[in-house]
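In: Build me a model from this:
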Amino acid sequence: MNSLILMTIIFLGIAIFIKWKLPVWIGRSGEKFVSRKLHRLDPVHYRILNDLMLPSHGNSSATQIDHVVVSNYGIFCIETKAYKGWIFGSANQEFWTQVIFRYKERFYNPFRQNFAHTKAIENLLGSQRLKTPIVSLVAFPNADKLKISGTDFVGHARDIVKKIESYTNPVYSDAERDEIADLLVGANIIDKEARKLHNREARGLKR
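Out: Modelled structure (predicted):
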């Protein structure tokens with residue numbers, strides 16, 4: 001095998017690896033950015049939980065949640081999408097659209113995805129602990145423009161933080177807030193093999 005063929009094989013291997021891993025890297029970068037913004041919330045009243053994997057009663061054995069904010073003012077479940085360009089859609093549509101110049105791609109409505117996340121939290125906590133509905137929010141930290149109708153619970157990272165801060169009526173005591181946060185942390189699935197299985201199941205559902 002001459003050096004040119006070898007270099008071509010290596011280059012193709014690297015290109016395939018990057019193409020496979022790039023969406024994961026971009027997604028994690030967006031989640032870390034949103035996490036940093038959320039951590040600007042007053043730690044006296046807010047607890048920030050990132051990358052939770054909780055038991056699910058749906059199509060998958062578990063559901064992965066980007067961020068949960070447990071506060072004296074309510075519980076907020078945040079789905080982060082690291083899409084760039086313009087984002088079009090409405091709260092009731094099954095699919096939204098990403099547009100970058102002439103490129104268009106549809107993706108599943110994040111609120112519908114986040115519904116499974118909020119149900120997993122509700123099932124874990126039980127109705128006795130929940131004093132108010134869990135607030136579902138969607139963050140687009142990298143989007144150039146958001147054109148989403150029918151809801152004001154979607155925005156850039158700073159918009160999501162402002163939305164959370166707009167809830168000012170206390171509903172949970174400090175002890176209740178910490179109990180809820182501790183229950184979520186305790187239920188978090190950290191086993192690597194279980195997380196790999198979940199990722200394979202999630203990819204299968206998207207096909």
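
In: Please count neighbours and contacts with C-alpha atoms only from this point.
Out: OK.

In: quick one: the nearest residue to Lys145 once chain neighbours are set aside and Phe95, what's the gap?
Out: Using CA to CA, 6 or more residues apart in numbering and skipping residues adjacent in sequence, the residue nearest Lys145 is Trp86, 4.7 Å away. Separation of Trp86 from Phe95 (CA to CA, to the nearest Å): 14 Å.

In: got it, and Lys145?
Out: 17 Å.

In: and if you look at Gln64?
Out: 20 Å.

In: For these two, work out which one has more neighbours and name it.
Out: Ranked by neighbour count (other CA atoms under 10 Å), Gln64 and Phe95 place Gln64 first, with 23 against 16.

In: Quick check: bridge partners of the more buried one?
Out: Met53 (DSSP bridges).

In: Also Lys147?
Out: Here Lys147, judged by DSSP bridges, has bridge partners Phe88.

In: what residue is smack in the middle of this structure?
Out: Centroid-nearest residue in the chain: Glu79, 2.7 Å away (criterion: CA atoms, centre = their mean).

In: Just the element for that one, please.
Out: Take DSSP states H and E as the rule and Glu79 turns out to sit in strand 74-80.

In: and Ile82, which of the three is it?
Out: That one is not Ile; residue 82 is Ala. Secondary structure, DSSP: H, G, I helix; E, B strand; the rest coil: Ala82 is coil.

In: give me the number of residues near it?
Out: 20.

In: same question, Ser166
Out: 10.

In: Checking my notes, Ala116 in a strand, right?
Out: No: under the criterion used here (three-state DSSP), Ala116 is helix, not part of a strand.

In: Does it touch Ile65 like I think?
Out: No: Ala116 lies out of contact with Ile65 (CA atoms under 8 Å); the separation is 9.4 Å.

In: which one of these two has more residues nearby?
Out: Ile65 (23 against 19).

In: Next up, the contacts around that one.
Out: 50-54, 77-79, 114, 117 (CA atoms under 8 Å, 6 or more residues apart in numbering).

In: rerun that using 6 Å as the cut-off
Out: Applying CA atoms under 6 Å, 6 or more residues apart in numbering, one finds that Ile65 lies in contact with 51-52.

In: cool, Phe76 as well?
Out: Per CA under 6 Å, 6+ apart, neighbours of Phe76: 68-69, 134-135.

In: how close does it get to Ser127?
Out: Distance from Phe76 to Ser127, counting by CA to CA: 16 Å.

In: same check, this time on Arg102
Out: 47 Å.

In: ditto for Glu31
Out: 29 Å.

In: Compare these two (neighbour count), which wins?
Out: Between Glu31 and Ser127, Glu31 has the larger neighbour count (other CA under 10 Å), namely 25 against 11.

In: excluding its backbone neighbours, what's nearest that one?
Out: That would be Thr80: by CA to CA, 6+ apart, it lies 6.1 Å from Glu31.

In: And the helices in the protein?
Out: Per DSSP state H, the chain carries helices over the ranges 3-38, 110-125, 157-165, 174-187, 192-206.

In: Could you list the low-confidence segments of the chain?
Out: Across the chain, residues meeting the criterion (pLDDT under 70) sit at 1-29, 57-60, 192-207.
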